[in-house]
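K.L.:
I'd like to go over a predicted model; first the sequence, then the structure.
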Amino acid sequence: MSHFIAIEGISRRFGATAIFENLWLAMARGEFVCVIGHSGCGKTTILNILAGLDAPSEGTVIVDNKAIDGPSLDRAVIFQGHSLLPWRTVLGNVAYAVSSRHRGWSRGEVNAHAQKFIDLVGLTGAEHKRPSELSGGMKQRVGIARALSIEPKIMLMDEPFSALDALTRGTLQDEVRRICTDTGQTVFMITHDVDEAIYLADKVVLMTNGPGAVLAEIVDNPLPKARARHDFHKHPLYYAVRNHILDFLVERSRTFRAQAGASYDPRRVPHITPGLPEPAPVPDAVQHDVVHRRAGTATNHSS
Ligand SMILES: Nc1ncnc2c1ncn2[C@@H]1O[C@H](COP(=O)(O)OP(=O)(O)OP(=O)(O)O)[C@@H](O)[C@H]1O
């Protein structure tokens, strides 16, 4: 089965130090994946490789059946800082991105398209303001509108909400979730916020500590796709998922490699659904494919 995004055996070394090694990860089109791991394990480096801004020391990344060999408008990046052009208005910033995507469009066509995405992120009325006149949350909305306006195949987000106050963060999470769900956007997002990951992600990828970081587990989020901020924490499996991720961050991100030992296969990272009851006994023939874990059930898949 071919995947929309296939990270195939990538490593990244700086000098003699391997930040991470032999990472394999597959993502389906329309999937929202969050990556969690301690500072320095290489999350931003992976995102930069997906963006085409950095290259792996080994391995390759395939997107839509094509190996990444540099930046592309098919992959939009939203950083923590908004990096807007300060001399341009909101409309000017978004229109600049639109015109780089659609070089043949008239100014009217470009502005109409840009306006659609300004409206989508709730900035109607602020089109003619410059970045210095905007709050942090509004600037981040412009960054999101700009990224969405080029209609990328993938959105890459590096802690996009971490610099915002809690209220603005919640509102923007809601909007990004709504937009990505409605448009079937494929998203790869880095976060340090466990609740944010559980609220937004279909899958949460857990990375061990660097250097020499690896992908330890993929947590399949058991919460329904149609979840709401006000009650997602009341889902019966919410605490199992949350505790599993926290337990990983506190303890297992450090010890995982030594404990997993030779049984760790980077090409078959275990999928975990914390809190699900133990499965029925598995016939011997497929027993090797199933791993039982304390916090739930882990099944080895290649995706
Ligand atoms: N250009 C570079 N030259 C040397 N070392 C680098 C370079 N870029 C990143 N590193 C190192 O690689 C490691 C991983 O960095 P990276 O920013 O990818 O981690 P991260 O998991 O995103 O961290 P954080 O959560 O703090 O953002 C760090 O130790 C960093 O110092």
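P.N.:
That came through, no problem.
K.L.:
switch to C-alpha atoms for all contacts and neighbour counts from now on
P.N.:
OK.
K.L.:
my guess is residue 175 meets residue 121, correct?
P.N.:
Yes. The pair residue 175 / residue 121 is scored as a contact, 7.0 Å apart, by C-alpha atoms under 8 Å.
K.L.:
Comparing those two, which residue is more hemmed in?
P.N.:
Between residue 175 and residue 121, counting by other C-alpha atoms under 10 Å, residue 121 is the more crowded of the two (21 against 17).
K.L.:
Can you list phi and psi of the more buried one for me?
P.N.:
Main-chain torsions, residue 121, degrees, to the nearest 10: phi -100, psi 10.
K.L.:
The residue lying closest to residue 142 once chain neighbours are set aside: how many residues sit nearby?
P.N.:
The shortest distance from residue 142 to any non-neighbouring residue, by C-alpha to C-alpha, 6 or more residues apart in numbering, is to residue 90 (6.5 Å). Neighbour count of residue 90, defined by other C-alpha under 10 Å: 30.
K.L.:
contacting residues around residue 163?
P.N.:
For residue 163, the contacting residues are 80, 81, 136, by C-alpha atoms under 8 Å, 6 or more residues apart in numbering.
K.L.:
among these, who's most crowded?
P.N.:
Top of these by neighbour number is residue 136, holding 18 neighbours under the definition other C-alpha under 10 Å.
K.L.:
Can you verify my assumption that that residue contacts residue 164?
P.N.:
Yes. Residue 136 is within contact range of residue 164, at 6.6 Å (criterion: C-alpha under 8 Å).
K.L.:
where in the stretch 201-303 of the chain is pLDDT low?
P.N.:
Scanning the stretch 201-303 of the chain with the threshold set as pLDDT under 70 gives 277-303.
K.L.:
Where do the strands of it begin and end?
P.N.:
Ranges of strands in the stretch 201-303 of the chain, per DSSP state E, counting those that start in this stretch, are 203-207, 215-220, 270-274, 290-293, 296-300.
K.L.:
residues contacting the residue nearest to residue 142?
P.N.:
Residue 90 touches 126, 127, 128, 129, 130, 131, 142, counting by C-alpha under 8 Å, 6+ apart.
K.L.:
and the first one, what element?
P.N.:
Residue 126 belongs to no helix or strand when elements are defined using DSSP states H and E.
K.L.:
Can you tell me the closest non-neighbouring residue to it?
P.N.:
Here the residue nearest residue 126, using C-alpha to C-alpha, 6+ apart, is residue 90, at 6.9 Å.
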